[in-house]
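Turn this into a model:
(one chain, ligands or ions: 1)
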Amino acid sequence: MKQIIEVSQKRSVRIGILWIFIAVFLVVGLVATPPATTNSQGKLPLGVPGVRGGVVTTSEPGAAHVGADILRAGGNAFDAAAAVQFALNVMEPQSSGIGGGGFMMIHLAKQKDTFVIDCRESAPAAATPDMFTGVSFGVRSTSGYAVGLPGTLLCVTTALDNWGTFELDEVLEPAIDLAANGIRVSSRLEGSITSSRLSNEMGNPAYDEARNVFKPGGVPLVEGDLLVQPDLAATFQLIADEGLDVFYTGEIAEAIVNTQLATRSENPDGVGRMTLEDLANYEVAIREPVEGNYRGYRILGMPPPSSGGLTSIQILKMLERFPIGDESQGYGFGSANTLNVMIEAGRLAYADRAIWIGDDDFVDVPSTGLLSDGYAAERSALIEPDMCMPDGTVEAGDPWPYNSGDSKGKPNSAKLVDEEGRNTTHFSIVDRDGNIVTWTSTIESGWGTGLMVPGYGFMLNNELTDFNSTPQYNPDPENFNPGANDVAPGKRPRSSMAPTIIFDGKKPVAAFGSPGGSTIIWSVANMAMNLIDHEMVVQEAVNAPRIAQTSSGVNTRRELGFADEVIEELEGLGETCQTFRSPSVIGSVQSVVIDQRGHIQYGAADKRRIGGVVSVRRDEIAR
Ligand code: GLU
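Take a look at the predicted model:
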């Protein structure tokens with residue numbers, strides 16, 4: 001744990017008029033993405049043009065403009081991140097918001113300090129390990145008991161109070177304006193509005209609440225329609241006027257507790273177990289990132305309760321002995337050798353993830369062992385570039401001897417069903433002083449539970465379905481399972497979210513993350529390899545097709561863009577080995593990179609969603 005330190009003098013800056021420009025901009029729908037070309041300046045190849053006033057990258061261009069305007073008004077990365085988060089609640093309500101949680105990775109430039117504010121949703125005091133057992137994902141994830149204690153607002157205020165320079169009401173102002181006066185529905189929002197997760201329990205007022213906003217009169221809003229959210233605007237105004245307490249102990253807390261009492265008709269036991277006391281007791285945690293070296297760079301990643309940092313760094317460490325970037329040795333981007341060793345490393349790492357990783361405030365997670373050189377070498381030795389481990393043979397290893405000495409027993413081989421949502425959002429911001437925020441923010445599935453807090457206009461998450469639905473704990477030394485991700489009161493469910501910062505020595509050179517459930521780990525690993533091994537400029541690194549092997553089994557996810565003959569070659573390695581799913585989109589990476597020699601900043605956003613980058617020149621900043 002790290003002490004939060006007061007570093008900033010609050011100053012009051014009124015910025016209201018800027019939001020009129022933002023609203024005009026959104027209606028016109030422009031996206032400003034700087035072109036990326038090769039540049040040999042820094043150690044990491046960079047895009048041009050770069051800036052020195054800050055860069056904001058989000059999956060919704062309008063939210064990037066909100067953040068950039070805060071930077072232009074003299075705000076720092078923490079002010080901008082707060083405003084972006086609230087704006088995304090308005091513009092991407094299906095993905096994140098104050099009814100959810102996430103992980104905010106922070107780099108303080110002056111203090112040279114990097115850490116995480118963990119505002120992951122936690123389980124209420126009345127949660128039990130078997131509460132979800134036997135209920136299908138579709139039903140349990142849309143019942144009130146899937147709602148975890150929401151943390152996003154506390155992430156915002158923790159960052160703002162400690163490192164920001166704007167007041168809470170000031171960073172809420174653009175979102176209030178956008179919600180009250182309306183935004184144009186984006187193509188992505190249109191797609192989400194037709195999702196089946198917004199069609200449960202027709203006629204039940206608890207589930208109709210969200211439909212009334214996004215399908216007024218039963219007619220789904222489509223791209224270009226004006227979406228006005230007066231309840232959400234009023235909620236943000238209430239928080240602006242009364243502060244944090246109205247959410248955790250006041251009228252909004254009461255409304256949240258009442259809303260999660262709804263459940264699906266086929267799941268009468270699925271009423272929420274959250275109480276006002278749970279909400280009043282909710283806390284964020286300030287955590288040290290996990291760290292690993294990869295080809296001379298330091299990779300800082302998300303610690304437990306996320307598997308994001310441990311599993312992505314484990315994959316990279318297992319791959320380090322292969323000349324991934326070198327075509328002359330038969331590797332290089334998209335080659336059969338490269339893809340095969342990536343897939344095999346993924347199978348080993350995800351076997352470990354399934355057994356060992358959970359909330360380490362509750363269970364012993366062998367983080368040191370998982371990231372140790374010795375364990376990486378032991379696991380990597382199982383990988384052959386031109387062979388694959390037959391399906392059914394990849395087991396979790398035992399990192400404990402590399403951690404604190406004693407093995408806990410022979411790990412069992414639990415096969416967990418992958419049921420994480422893929423609708424989260426990620427944004428990255430660097431400011432003129434080099435402070436960084438890279439934040440993955442979520443309500444878990446698209447639209448969370450599908451429950452909108454009546455009269456308050458925000459969705460409630462279904463994050464508790466990221467716990468094991470069937471308890472896994474087994475003390476038998478011949479079939480050991482720590483139950484690392486079993487439900488427990490106050491515990492946070494294991495995540496895959498992976499805000500990541502790459503350092504060259506002490507200096508941050510790239511920050512990124514992605515939505516995508518268990519594929520997040522792969523979007524991050526692909527990104528690190530694209531930058532470091534394949535020396536791509538940042539936009540190219542974001543654009544390049546990705547693969548994701550998210551279990552110890554076979555059946556790799558891939559995007560369009562890999563050569564057919566490579567896929568065929570890999571599938572020919574053996575009948576019980578690699579198979580590939582039909583191509584589908586993986587993740588949505590938002591990244592900033594920094595050339596530390598000239599303090600020049602670059603950004604890239606992902607066109608797999610809409611993606612917006614706004615760069616700020618120093619001479620645009622008010623003061
Ligand atoms: N709930 C997931 C996690 O914590 C994220 C879901 C998503 O990416 O949409 O890892």
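
Look at the most centrally placed residue in the chain and tell me its secondary structure.
In the chain, the C-alpha nearest the mean C-alpha coordinate belongs to residue 440, at 3.1 Å (CA atoms, centre = their mean). Here residue 440 is strand, with the state taken from DSSP: H, G, I helix; E, B strand; the rest coil.

isn't it right next to residue 511, touching?
No - under the criterion of CB atoms under 8 Å, residue 440 makes no contact with residue 511, lying 11.6 Å away. C-beta here means a position set from N, CA and C on the backbone, and glycine is covered the same way.

which neighbours do the two share?
Common neighbours of residue 440 and residue 511, using CB atoms under 8 Å, 6 or more residues apart in numbering, are residue 499.

Leaving out sequence neighbours, find the closest residue to the residue nearest to the centre of the chain.
residue 497 (4.0 Å; CB to CB, 6 or more residues apart in numbering).

wait, what's in contact with the one you found?
Applying CB under 8 Å, 6+ apart, the residues near residue 497 are 102-103, 302, 306, 308, 424, 440, 442, 513, 520.

same question for stretch 442-462, mean pLDDT?
What stretch 442-462 shows for mean pLDDT is 98.

check whether that stretch contacts the ligand.
Yes - judged by CB under 6 Å from any ligand atom, stretch 442-462 comes into contact with the ligand at 442, 444.

Now for this structure, the helix or strand with the poorest mean pLDDT.
Least confident helix or strand, the chain: helix 18-28 with a mean of 40, by mean pLDDT, DSSP states H and E.

what's the following helix or strand after that helix?
strand 54-58 (DSSP states H and E).

Run the chain-centre distance for that following strand.
Distance, stretch centre to chain centre, for strand 54-58: 16 Å (CA atoms, centre = their mean, to the nearest Å).

tell me the angle of the next helix or strand after that strand relative to strand 54-58?
Using DSSP H and E, the helix or strand that follows strand 54-58 in sequence is helix 61-72. Helix 61-72 and strand 54-58 are oriented at 160 degrees to each other (axes from the mean of the first three to the mean of the last three CA atoms, to 10 degrees).

name the helices or strands packed onto helix 61-72?
With contacts defined as 3 or more CB pairs under 8 Å, 6 or more residues apart in numbering; DSSP states H and E, helix 61-72 has these neighbours: helix 18-28, strand 54-58, helix 77-91, helix 168-181, strand 425-431, strand 612-615.

buried set for the longest one?
Meaning helix 77-91. Judged by neighbour count using 16 or more other CB atoms under 10 Å, the buried positions of helix 77-91 are 77-91.

what about that helix, distance to the chain center?
15 Å.

out of the buried residues of helix 77-91, who's nearest the ligand?
residue 88 (13.3 Å; CB to the nearest ligand atom).

hang on, that closest one packs against residue 100?
No - Residue 88 is not in contact with residue 100 according to CB under 8 Å; the separation is 10.6 Å.

Please identify every residue contacting each of those two.
Common neighbours of residue 88 and residue 100 (CB under 8 Å, 6+ apart) are residue 441.

How about the contacts made by the residue nearest to the centre of the chain?
Going by CB under 8 Å, 6+ apart, the list of residues near residue 440 reads 102-103, 302, 308, 424-426, 497-499, 513-515, 520.

separation between it and the ligand?
7 Å (CB to the nearest ligand atom, to the nearest Å).

any idea how far that residue is from residue 535?
For residue 440, the distance to residue 535 equals 26 Å [CB to CB, to the nearest Å].

list the contacts for whatever residue of the stretch 501-623 of the chain ends up closest to the ligand?
Nearest residue of the stretch 501-623 of the chain to the ligand: residue 515, at 3.9 Å (CB to the nearest ligand atom). By CB under 8 Å, 6+ apart, the contact list for residue 515 reads 59, 95, 422-426, 440, 442, 587-588.

And for residue 322?
Contacts of residue 322 by CB under 8 Å, 6+ apart are 331, 337-338, 341, 383, 385.

does it sit in a helix, a strand or a coil?
Residue 322 is classified as coil under three-state DSSP.

Next one, pLDDT for it please.
So residue 322 comes in at 98 (pLDDT).

now do residue 406
Per the predicted model, pLDDT is 81 at residue 406.

quick one: contacts for residue 484?
Residue 484 touches 355-359, 363, 365, 472, 494, counting by CB under 8 Å, 6+ apart.

So what's the residue count around the closest residue to it other than its chain neighbours?
Counting by CB to CB, 6+ apart, the nearest residue to residue 484 once its immediate chain neighbours are dropped is residue 358, at 3.1 Å. Counted with other CB atoms under 10 Å, the neighbours of residue 358 add up to 27.

Next: the one 5 residues further on.
Applying the criterion other CB under 10 Å, we find 19 residues in the vicinity of residue 363.

Leaving out the residues flanking it, which one is nearest to it?
residue 484 (4.7 Å).

Next, give phi and psi for the one you found.
phi -60, psi -30 (degrees, to the nearest 10).

What is the burial count for the residue nearest to residue 543 when sequence neighbours are not counted?
Nearest residue to residue 543, sequence neighbours excluded (CB to CB, 6+ apart): residue 607, at 7.2 Å. When neighbours are defined as other CB under 10 Å, residue 607 has 13 of them.

thought residue 607 was touching residue 587?
No - assessed by CB under 8 Å, residue 607 is found out of contact with residue 587, at 11.9 Å.

thinking again about what came up before, which of the contacts of residue 515 lies closest to the ligand?
Once CB to the nearest ligand atom is applied, the member of those that ends up nearest the ligand is residue 424, at 3.4 Å.

Contact partners for the nearest residue in space to residue 307 that is not next to it in sequence?
Excluding the flanking residues, the one nearest residue 307 by CB to CB, 6+ apart is residue 357, at 4.3 Å. Contact analysis of residue 357 by CB under 8 Å, 6+ apart lists 304, 307, 310-311, 365, 370, 484-485, 494.

for these, which one is nearest residue 288?
The closest of those to residue 288 turns out to be residue 304 (CB to CB; 11.0 Å).

any idea how far stretch 185-197 is from the chain center?
The answer for stretch 185-197 is 20 Å, by CA atoms, centre = their mean.

Dump that stretch to CSV, keeping only the CA atoms.
The C-alpha trace of stretch 185-197 is given here as CSV (Å, rounded to 0.1, in the frame of the first residue of the first chain):
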residue,chain,number,x,y,z
VAL,A,185,-25.9,8.5,-31.2
SER,A,186,-22.7,6.9,-32.5
SER,A,187,-22.6,3.9,-34.8
ARG,A,188,-21.3,1.8,-31.8
LEU,A,189,-24.0,3.0,-29.5
GLU,A,190,-26.6,2.2,-32.1
GLY,A,191,-25.2,-1.4,-32.3
SER,A,192,-25.4,-1.8,-28.5
ILE,A,193,-28.9,-0.5,-28.3
THR,A,194,-30.1,-3.5,-30.4
SER,A,195,-28.2,-5.9,-28.1
SER,A,196,-30.3,-8.6,-26.4
ARG,A,197,-29.0,-7.4,-23.0
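
Can you list the buried residues in that stretch?
Buried positions in stretch 185-197, judged by neighbour count with 16+ other CB under 10 Å: 185-186, 188-190, 192-193, 197.

got it, and stretch 268-285?
270, 272-274, 278-279, 282, 284-285.

Adding pLDDT and distance to the ligand as columns, could you present the residues you listed in TSV?
Shown next, in TSV, are these (pLDDT from 0 to 100; distance: CB to the nearest ligand atom, whole Å):
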residue	pLDDT	distance to the ligand
270	98	19
272	98	18
273	98	19
274	98	18
278	98	20
279	98	20
282	98	17
284	98	16
285	98	15
